[in-house]
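Chemist: The sequence and its predicted three-dimensional model are supplied below.
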Amino acid sequence: MTDKPRVAVVTFPGSNDDHDAAWALGAVGADPVAAWHQDAELPAGTGGVVLPGGFSYGDYLRTGAIASVAPVMDAVRAFAAAGGPVLGICNGFQTLCEARLLPGVLRPNRQLEFVCEDVTVRVENADAPFLSRCSPGQELVIPVKHGEGAWYADQWTFVQLAARGQIVLRYADDVNGALGNVAGVVNQARNVMGLMPHPEHAVDPLLGSGDGGLLLAALVDTAAAFRATLAVA
Amino acid sequence: MVRLRRYADVLTSVTDPALHRALGLTDGEFERIRALLGRDPNDFELAVFSLLWSEHCGYKHSALLLKRLPSTGPRVLQGPGENAGVLDLGDGQAVAFKVESHNHPSAVEPFQGAATGVGGILRDIVSMGARPVALLDGLRFGEPDWHFSRAVGGIGHYGNCVGVPTVGGESVFDEAYRENCLVNAMCVGLLPADRLLRAKATAAGQLVVLYGATTGRDGIGGASVLASQELDDAAAVKRPSVQIGDPFTGKKLIESSVELTSTGLVESLQDCGAAGIASSLSEMAAEFGIDVHLDRVPLREDGMEPWEVMISESQERMIAMVRPQMLEAVEAVLDRWELEHAVVGEVTATGKLRAFWHDDIVGEIPARLLTEECPRYEVGQTRRPAPPAREIADAPAAHDALVELLASPALRSRRFVFRRYDQLVGSRTVRRPGLDAAVIRLRPTMRGLAVSLDGQGRIARLDPFAGGALAVLEAARNVACVGGEPIGFTDCLNFGNPEKPEIGWELAQAIDGIAAAADAVGAPVVSGNVSLYNETNGRAIHPTPVVGAVGLVEDVRRVPKAWHEGDVLYAAFASQAALPGSEYQARFGEVGGTPAPLDLAAEARLISFLWQAAQLATLTHDASEGGLAVCLAEAALFSGVGAALDLRDDPVELFGEVGGRAIVACAPVDAPELESVATGLGVPVRRVGEVGGGTLLGVELQRLRSAWEASD
């Protein structure tokens, strides 16, 4: 066992970016460990959780719908309730919304086509552990790749979320028809975050951009802090 | 066997009293079967023969010609004849790659046809023990219409969902493909060099495990109904012969297969593709023999007859040869991935493929009769003359021609296609699609693979030898432009009905062209696929040889990225360029004449120069469709900076094609070394200008961009 903060990456059948997420987390100083959709518990010593991108269970019902009720999600729910940091990327974001751990839903892109390209997102609010290495207004270049990534919520929810600073990332341009160009949100306790862009594909400038590393490194910091709290308790 | 009769009638659209003819076998072939067996085949056996001896499975009209292709070399771990070719990359790594067509299914149903094409080529790579890491797609349609968009959607549906990045390919629009589109899919996979698997049983007593999806009546006869016949207006009735893809099961199949091979639990793997279990088992049984119990195959519908189970092309199925003591561990992996599996047979020492149904023998054929004894025909060859070249009457001024060409469907930006594909999964994509070749990193090293897929059907229509050679050269130049030394090729031969002597001639000429160019470049053709009968209502497509190249990049950090203000611009040359067959001629005149002859030795020298120069260059880009002018415009748009150029205002210089030409940009400090590399290799280079400013060939960059990106 290393003393690097342990971050669990959950693999559902159909997850695609699980290996990428583990590789990227390793690159920013985590000890990534694999969790399986059938697991009843998270790996021992888990300080943070990533739900990766992909097409869990083929997304044959609604994106993330079946994953949201997979056995491992009970453990993720309990981990989040205890204050542990949980990051959902793309399909992981869709899953967290379906699981009601995050507000809103992800609808099909307005152009009704899959879109894969680098986009610019603006840090709307840095008051969340995942954004501790960013400053408000900072622009990050991170790729998106999704067919159903248009975040949506009813007007009242949207206004409340904005007022509470739960909308943390917005696209600089309209990418997919998301309400208010929302690219990422956090829960009210600010320990669960979902975003459509893929920070794990942006940790190495050789592959396009290093900006995603800021988000993942912050997750690793938070995972370490969370384990430390548990140790004290 | 009533259903076999009905299937046969649909197959040939005529009711022939002789079942073998209705199944697509000639009288001569039927007699050959009787002589080989020493008896009459039963209906089950006849159905199996009809598929294994179809053009698609048996390469009846192409096998003799394909022997001309160079297929050996120090890197070759596996040449043609397997599911894919495999090359040694050094450092214990190997690459498996192959291109395959899915033309007829895509013509009948573009979304599922393209999707299952991707699924099939992925499983070919997995069969070799490799993990697929890149896909490329060569698409040829009449225009960027709904059908084209559906095919793109189908590729994305499968490729995105299984988590393999699509990093390259072509979209070609030409009237010749309106009724018979071409969908060619190439897959590249990585494996440890010592883990290479072959699709052959290796000892009697091994168990035959079928896993993946269940088997149904979908896609029955795809290999013979769709892939080995011309299409006609009644194509819609063939839609039930198109398979339906299930990428979720495909993903589980890939992950479980990679797990099975990387842990050494299986002896060999084989994809269930065209002609289903029949084809997979004949190939695997060749040296030993296999008994298969068709009643043990997990089915998705009731009442299937043995022959239907035997030849069903239900997707997402694989067959593994497993030592009995490994069975439990194999089943545990498949259970974990929630895949259907069953032991459906065992390897014997009979040399025969025997099929059982509830312990009764329903068919018994010596396995080699299905593969090695497949008839091979010499194609008749009659030269098809090219239409004459005509003077281009009122060609526009060069700068207007450039803008118009950039805005044309043939040449405009392909972002609207590539953005629909996941190009990034796997975290290896150093150079994304858009210019020349893509580059994927061979993690954990800094080496990389450059990959490209190219073909030039219009040139091949005028001169099929040049078309074949050009496909190789173009693919090799593209990988060279990003710093990749070409190390191997894969080819997909898309042609019309080879029983017509003009088509036979085109096929033979194109294969000769591929062979000559691959020899000149010094890299083998290690895998491929032949798609014939690409005709609808008697009208054939352009003869379209398509070639995929793999190049080895020594250091991905030195892949050229963009040219900069102040860079020196060189043009490097090989053979002469000319207008016949060019995009310029197609747009502003009539396609005709003979393309300029290729100097293959000079072309090979240019390719060597390009991959060596790429280490010094800020950008390298070869001229292909649209000639040097379009090449420069693409480079300027890619980099976001214009250039001041000293080129003659002459259509051949600006827009000529076929003869290899490329531009190389480098910082002034690197110019002397670049020139000495060229001199050393004997490649003529000419300084043609300097990077800088907001115009190119007298046109504002902004105007070029809005023309080029109009469709985005």
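Modeler: In hand now; what should we look at? Residues are numbered from 1 along each chain as shown, chains lettered A, B, ... in the order given.

Chemist: distance of residue B:612 from residue B:675?
Modeler: Between residue B:612 and residue B:675 the distance is 12 Å, computed by C-beta to C-beta, to the nearest Å. Yep, even glycine has a C-beta here, placed from its N, CA and C like the rest.

Chemist: In terms of neighbours, single out the busier of these two.
Modeler: Between residue B:612 and residue B:675, residue B:612 has the larger neighbour count (other C-beta atoms under 10 Å in any protein chain shown), namely 19 against 16.

Chemist: Skipping adjacent residues, who's closest to that one in space?
Modeler: residue B:677 (5.4 Å; C-beta to C-beta, 6 or more residues apart in numbering or on different chains).

Chemist: Helix, strand, or coil at the one you found?
Modeler: helix (DSSP: H, G, I helix; E, B strand; the rest coil).

Chemist: Now do the same contact list for it.
Modeler: B:609, B:612, B:613, B:616 (C-beta atoms under 8 Å, 6 or more residues apart in numbering or on different chains).

Chemist: is it fair to say residue B:490 lies in a helix?
Modeler: No. Applying three-state DSSP, one finds residue B:490 to be strand, outside a helix.

Chemist: Now, the contacts of residue B:677 that are in helices?
Modeler: B:609, B:612, B:613 (DSSP state H).

Chemist: Find the nearest non-adjacent residue to the first one, please.
Modeler: If I follow you right, that is residue B:609. residue B:683 (4.3 Å).

Chemist: What backbone torsions are found at the one you found?
Modeler: phi -100, psi 120 (degrees, to the nearest 10).

Chemist: Just to check, it is in contact with residue B:570?
Modeler: No. Counting by C-beta atoms under 8 Å, residue B:683 does not reach residue B:570; the two are 10.2 Å apart.

Chemist: coming back round to it: same list, the contacts of residue B:677, but as a markdown table with pLDDT and distance to residue B:105 please.
Modeler: Converted to a markdown table, the contacts of residue B:677 look like this (pLDDT from 0 to 100; distance: C-beta to C-beta, whole Å):
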| residue | pLDDT | distance to residue B:105 |
| --- | --- | --- |
| B:609 | 98 | 41 |
| B:612 | 97 | 42 |
| B:613 | 97 | 42 |
| B:616 | 95 | 46 |
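
Chemist: Go through these and name the one nearest chain A.
Modeler: Within those, proximity to chain A (C-beta to the nearest C-beta) peaks at residue B:616, which comes in at 19.1 Å.

Chemist: from what I can see the closest one touches residue B:668, true?
Modeler: No. Using C-beta under 8 Å, residue B:616 is not in contact with residue B:668; the gap is 11.8 Å.

Chemist: what's near enough to touch residue B:86?
Modeler: Counting by C-beta under 8 Å, 6+ apart, residue B:86 touches B:76, B:77, B:78, B:94, B:95, B:96, B:128, B:130, B:191, B:196, B:526.

Chemist: Lowest pLDDT pick from those residues?
Modeler: Of all the contacts of residue B:86, residue B:196 carries the smallest pLDDT score, 87.

Chemist: residues near that residue, how many?
Modeler: 18.

Chemist: Please determine how far it is located from chain A.
Modeler: Distance, residue B:196 to chain A, using C-beta to the nearest C-beta, to the nearest Å: 22 Å.

Chemist: Distance-wise, check that residue relative to residue B:47.
Modeler: Taken as C-beta to C-beta, the span from residue B:196 to residue B:47 is 33 Å.

Chemist: Kindly report the same for residue A:37.
Modeler: 42 Å.

Chemist: Counting neighbours around each, name which of these two comes out higher.
Modeler: residue B:47 (30 against 18).

Chemist: That one touches residue B:311, doesn't it?
Modeler: Yes. If you go by C-beta under 8 Å, residue B:47 and residue B:311 touch, sitting 6.2 Å apart.

Chemist: the bottom helix or strand of chain A by mean pLDDT?
Modeler: Lowest on mean pLDDT, DSSP states H and E among the helices and strands of chain A sits helix A:212-232, with a mean of 92.

Chemist: All the strands of the stretch 401-550 of chain B, residue numbers only.
Modeler: Using DSSP state E, counting those that start in this stretch, the strands of the stretch 401-550 of chain B run over B:429-431, B:438-441, B:448-455, B:484-494, B:525-531, B:535-536, B:539-540, B:544-553.

Chemist: what residues are up against residue B:306?
Modeler: B:44, B:294, B:295, B:355, B:357, B:362, B:363.

Chemist: Can you report phi and psi for residue B:314?
Modeler: Torsion angles, degrees, to the nearest 10, at residue B:314: phi -50, psi 140.

Chemist: same thing with the one 5 residues further on?
Modeler: Note on residue B:319: its backbone torsions stand at phi -120, psi 130 [degrees, to the nearest 10].

Chemist: so who does it touch?
Modeler: Contacts for residue B:319 (C-beta under 8 Å, 6+ apart) come out as B:208, B:209, B:210, B:211, B:269, B:270, B:271, B:272, B:277, B:280, B:281, B:284.

Chemist: If the first one is in a bridge, with which residues?
Modeler: In this structure, residue B:208 has the following beta-bridge partners (DSSP bridges): residue B:321, residue B:345.

Chemist: Quick check: the most centrally placed residue in chain A vs residue A:63, distance?
Modeler: The residue lying closest to the centre of chain A (C-alpha atoms, centre = their mean) is residue A:88, at 2.5 Å. Residue A:88 sits 12 Å away from residue A:63, going by C-beta to C-beta.

Chemist: list residues touching both of those two?
Modeler: residue A:94.

Chemist: What segments of chain A are helices?
Modeler: Counting by DSSP H, the helices of chain A are A:18-27, A:72-81, A:91-98, A:155-163, A:212-232.

Chemist: Output the contacting helices and strands for the strand or helix carrying residue B:689.
Modeler: Taking DSSP states H and E as the definition, one finds residue B:689 inside strand B:685-691. Applying 3 or more C-beta pairs under 8 Å, 6 or more residues apart in numbering or on different chains; DSSP states H and E, we find strand B:685-691 packed against strand B:568-573, strand B:643-645, strand B:661-666, helix B:671-681.

Chemist: just the ones you listed: most buried one?
Modeler: With neighbours defined as mean count of other C-beta atoms under 10 Å in any protein chain shown, those peak in mean count at strand B:661-666, which reaches a mean of 26.

Chemist: and residue B:615, what is it in contact with?
Modeler: B:483, B:554, B:555, B:558.

Chemist: for residue A:165, same thing?
Modeler: Here residue A:165 is in contact with A:124, A:125, A:127 (C-beta under 8 Å, 6+ apart).

Chemist: distance of the first one from residue A:185?
Modeler: The reference is to residue A:124. 10 Å.

Chemist: shared neighbours of those two, which are they?
Modeler: Joint contacts of residue A:124 and residue A:185 (C-beta under 8 Å, 6+ apart) are A:167, A:168, A:169.

Chemist: who are the neighbours in contact with the residue nearest to the spatial centre of chain B?
Modeler: Residue closest to the average C-alpha location in chain B (C-alpha atoms, centre = their mean): residue B:99, at 2.5 Å. Residue B:99 is in contact with B:121, B:136, B:138, B:184-186, B:453, B:490-492, B:527-529, B:546-548, counting by C-beta under 8 Å, 6+ apart.

Chemist: in the stretch 1-150 of chain B, which spans are helices?
Modeler: B:2-12, B:19-22, B:27-37, B:43-52, B:55-58, B:63-66, B:103-108, B:110-127, B:146-162 (DSSP state H, counting those that start in this stretch).

Chemist: And the ones you listed: which comes nearest chain A?
Modeler: Among those, helix B:146-162 sits nearest to chain A (C-beta to the nearest C-beta), with 4.7 Å.

Chemist: Any stretches of the chain with poor pLDDT?
Modeler: You didn't pick a chain, so chain A it is. A:1-2, A:233 (pLDDT under 70).

Chemist: please go with chain B instead
Modeler: B:1-2, B:5-16, B:219, B:221-242, B:711-712.

Chemist: interface residues of it facing chain A?
Modeler: B:153, B:156, B:160-163, B:246-249, B:251-252, B:337-338, B:415, B:418-430, B:432, B:441, B:556-557 (C-beta under 8 Å from any C-beta of the partner chain).
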